[in-house]
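Engineer: what would the 3D arrangement of this be:
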Amino acid sequence: MNAGRRSGSLAALALVAAVGLGLLAGCAGEPTRIQPGTSAADTVQRLGAPTGRYPLTGGGERLQYSRMPAGFEVVDIDVDASGKVVSVTQVLNEARFGQDIKVNQWRQNDVMAFYGRPYEVTRVSSFDGAVWTWRYKAVNERRMLYIYIDPTGVVRRYHTGDDLDFDRIRD
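Structural biologist: Residues are numbered from 1 along each chain as shown. Okay, the predicted model is just below:
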């Protein structure tokens, strides 16, 4: 084999190795790959600083990893009082909204602790309060979750809808 081919083969091999390492690093940084029993310190070392930290009843803590505003996922990693991961949940899941969102019970702080900072906060004329919005995907369709919070900070309703902003960008 001549020197030119050998250096080209080595360059191609280096490129494949770099791509492979990048994919492995991407997997290591994926919050949903954290296993129960992992320590909070190991979790933060693997994933970096969470986008939110919230105390849990019983002395634990929620480490929240949000991909807002550009992404579609919010992963809540709950850690018990001993510092071990007990659950990992991607909370922007349409099948869960009905059981998770507590209308007339949740306050603004509860929404933050569960979903983190919204994609946007708006107002509509048909509601006296703010509408917090998160982007998510349902079977690869871009969707929006809207939570209506009244002036006292109480969740009064929620609904989902299509991500019309994306449609406007495509047109």
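Engineer: now find how far off-centre stretch 130-146 is within its chain.
Structural biologist: Centre-to-centre, stretch 130-146 and its host chain are 12 Å apart (C-alpha atoms, centre = their mean, to the nearest Å).
Engineer: I misspoke; the intended subject was stretch 81-100.
Structural biologist: Stretch 81-100 sits 11 Å away from the centroid of its parent chain (C-alpha atoms, centre = their mean).
Engineer: in that stretch, what counts as buried?
Structural biologist: 84-85, 88-89, 91-92, 97 (16 or more other C-beta atoms under 10 Å). From N, CA and C alone the C-beta is placed, and that goes for glycine too.
Engineer: for stretch 152-160, same thing?
Structural biologist: In stretch 152-160, counting by 16+ other C-beta under 10 Å, buried: 154-155, 158.
Engineer: which one of these is nearest R143?
Structural biologist: For those, the residue nearest R143 by C-beta to C-beta is Y158; the value is 12.6 Å.
Engineer: how about that closest one, what does it touch?
Structural biologist: 97, 101, 103, 145-148 (C-beta atoms under 8 Å, 6 or more residues apart in numbering).
Engineer: same check, this time on I77
Structural biologist: 31, 34, 43, 50, 62-65, 85, 87-88.
Engineer: got a quick PyMOL command for the buried subset of these?
Structural biologist: Buried subset of the contacts of I77, written as a PyMOL selection, criterion 16+ other C-beta under 10 Å:
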select buried, resi 31+34+43+50+62+63+64+65+85+88
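Engineer: JSON lines for the contacts of I77, including pLDDT?
Structural biologist: Listed next are the contacts of I77 as JSON lines, based on pLDDT from 0 to 100:
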{"residue": "P31", "pLDDT": "93"}
{"residue": "I34", "pLDDT": "96"}
{"residue": "T43", "pLDDT": "97"}
{"residue": "P50", "pLDDT": "97"}
{"residue": "R62", "pLDDT": "98"}
{"residue": "L63", "pLDDT": "98"}
{"residue": "Q64", "pLDDT": "98"}
{"residue": "Y65", "pLDDT": "97"}
{"residue": "V85", "pLDDT": "98"}
{"residue": "S87", "pLDDT": "97"}
{"residue": "V88", "pLDDT": "98"}
